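# give me a 3D structure for the following:
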Amino acid sequence: MKLVMCAPISVLALTLAACGGQSAPQASSAPGSTGASASSAPVPVVASTDVYGSIAQAVGGNAVQVTSIINDPDKDPHEYEADVQNQLALSKATVVLENGGGYDDFVDSMLKASSSKATVINAADLSGYDQKPAQSEFNEHLWYDFPTVSKVVDTLAADLSQASPGNAAAFTANAQSFKTQLDALGAKEAGIKKAHAGEGVAITEPVPLYLLTSSGLVNKTPDKFSEAIEEDTDVAPTVLQETLNLFNDKQVKLLAYNEQTTGPQTEAVLKAAKQNNIAVVPVTETLPAGKDYLTWMGDNIQAVSGALGS
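Okay, the predicted model is just below:
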């Protein structure tokens, strides 16, 4: 699903003048990252979600101040309501990190309503993927795609270095360390692919599809099912039955289930998986509490591997 902004931007823009004394919340530096030079103030960075906020913190270390607009694992990102504090943070940001591809358009709307001159990093634009494919919908969940994340990290390090030249060496070193760990995760995907290439899986939404595909797994879910769930529309009874048959006929080895978007139809699929002893791998769109990006993705890969019996 796409993130939806429900609060009027015009109201937020009018309120900013009264909030000039506020500051964006200070995020702690990522473990292992290199700190800021004593002579420079942290670079203000705003990320659309805490996923990208975690990436920004890992690259920036103590030399950045990161604000993540969606930062609560219990908050449904599809029901986002803009607030004045986030609008203010965007107006003061030097770098803004968004997913793009239609996922977090509220960021662009908020930027237009502010006086921001921030450098905007758009993951979808960096990905190189066709964002308007003729045969299917674009999968905007790009943080599950490690090659795209690697491009984001490189761009982030370059833009932060331009904003704070005195910390350029630290940004570069942090980015390289992050990508080394990202490569290790990619190697684990390759290991799954070697052992399980071509095996069928099911999804409720295409949230983890990049990870599953990179692991050599084949999504058997009818497009009309996952698209309907993603767009919050009803699934036709015939499509639902076709999806349930994936489990009844043991056509798939696991179900990747988006815990943040549930309803009668996804619950029916979950029930069918459990009744047929098909492994269920819960996935989310935002960070679980207490996790950073790399730890979270490592856990997701381990869960897929375990579900397949690796």
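# just the terminal-to-terminal distance for stretch 275-289.
End-to-end distance of stretch 275-289: 30 Å, with Cα to Cα, to the nearest Å as the criterion.
# repeat that for stretch 282-300.
End-to-end for stretch 282-300, by Cα to Cα: 8 Å.
# work out the gap between the helix or strand hosting Ala124 and the centre of the chain.
Assigned by DSSP states H and E, Ala124 belongs to helix 123-127. Taking Cα atoms, centre = their mean, to the nearest Å, the mean C-alpha location of helix 123-127 is offset from the chain mean by 13 Å.
# contacts for that helix, please.
For helix 123-127, contacts defined as Cβ atoms under 8 Å, 6 or more residues apart in numbering pick out 52, 97-101, 103, 131, 138, 140, 142-143, 145, 147-149, 151-152, 155. For every residue, glycine as well, the C-beta is placed using N, CA and C.
# pull out the buried residues from the helix or strand just after that helix.
Note on helix 123-127: by DSSP H and E, the next helix or strand toward the C-terminus is helix 146-163. Neighbour-count burial for helix 146-163, counted by 16 or more other Cβ atoms under 10 Å, picks out 146-161, 163.
# give me the mean pLDDT for helix 146-163.
For helix 146-163, mean pLDDT rounds to 98.
# quick one: the strands in the stretch 1-150 of the chain?
With DSSP state E, counting those that start in this stretch as the criterion, the stretch 1-150 of the chain has strands at 43-49, 64-70, 95-98, 119-122.
# and stretch 243-258, how far apart are its ends?
Stretch 243-258 has an end-to-end distance of 16 Å (Cα to Cα).
# enumerate the positions of that stretch that are buried.
Applying 16+ other Cβ under 10 Å to stretch 243-258 flags Thr243, Leu244, Leu246, Phe247, Val252, Lys253, Leu254, Leu255, Ala256, Tyr257, Asn258 as buried.
# would CSV of those residues with pLDDT be doable?
Shown next, in CSV, are the buried residues of stretch 243-258 (pLDDT from 0 to 100):
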residue, pLDDT
Thr243, 98
Leu244, 98
Leu246, 98
Phe247, 98
Val252, 98
Lys253, 97
Leu254, 98
Leu255, 98
Ala256, 98
Tyr257, 97
Asn258, 94
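# export those residues to a markdown table and tack on secondary structure and distance to Thr286?
Converted to a markdown table, the buried residues of stretch 243-258 look like this (DSSP: H, G, I helix; E, B strand; the rest coil; distance: Cβ to Cβ, whole Å):
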| residue | secondary structure | distance to Thr286 |
| --- | --- | --- |
| Thr243 | helix | 25 |
| Leu244 | helix | 28 |
| Leu246 | helix | 27 |
| Phe247 | helix | 27 |
| Val252 | coil | 26 |
| Lys253 | coil | 26 |
| Leu254 | strand | 22 |
| Leu255 | strand | 20 |
| Ala256 | strand | 16 |
| Tyr257 | strand | 15 |
| Asn258 | strand | 11 |
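# any idea which of these is closest to Asn86?
Nearest to Asn86 among the buried residues of stretch 243-258, counting by Cβ to Cβ, is Asn258 at 24.1 Å.
# around the closest residue to the closest one other than its chain neighbours, count how many other residues there are.
Nearest non-adjacent residue to Asn258, counting by Cβ to Cβ, 6 or more residues apart in numbering: Glu205, 4.6 Å away. The tally of other residues near Glu205 (other Cβ atoms under 10 Å) stands at 25.
# contacts only, for Glu205.
Shown in contact with Glu205 (Cβ under 8 Å, 6+ apart): Met1, Ser226, Ile229, Glu230, Asn258, Thr261.
# which one of these sits closest to Ala82?
Checking the contacts of Glu205 one by one against Ala82 (Cβ to Cβ), the nearest turns out to be Met1, at 17.2 Å.
# Tyr202: which element?
Not quite, residue 202 is Ala, not Tyr. Assigned by DSSP H and E, Ala202 falls within strand 200-203.
# how about the helix or strand following that strand as CSV, C-alpha atoms only?
Downstream of strand 200-203, the first helix or strand assigned by DSSP H and E is helix 209-214. The C-alpha trace of helix 209-214 is given here as CSV (Å, rounded to 0.1, in the frame of the first residue of the first chain):
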residue,chain,number,x,y,z
LEU,A,209,9.0,-9.6,-2.8
TYR,A,210,12.5,-8.2,-3.7
LEU,A,211,14.1,-10.3,-0.9
LEU,A,212,12.1,-13.4,-1.9
THR,A,213,13.0,-13.0,-5.6
SER,A,214,16.7,-12.4,-4.9
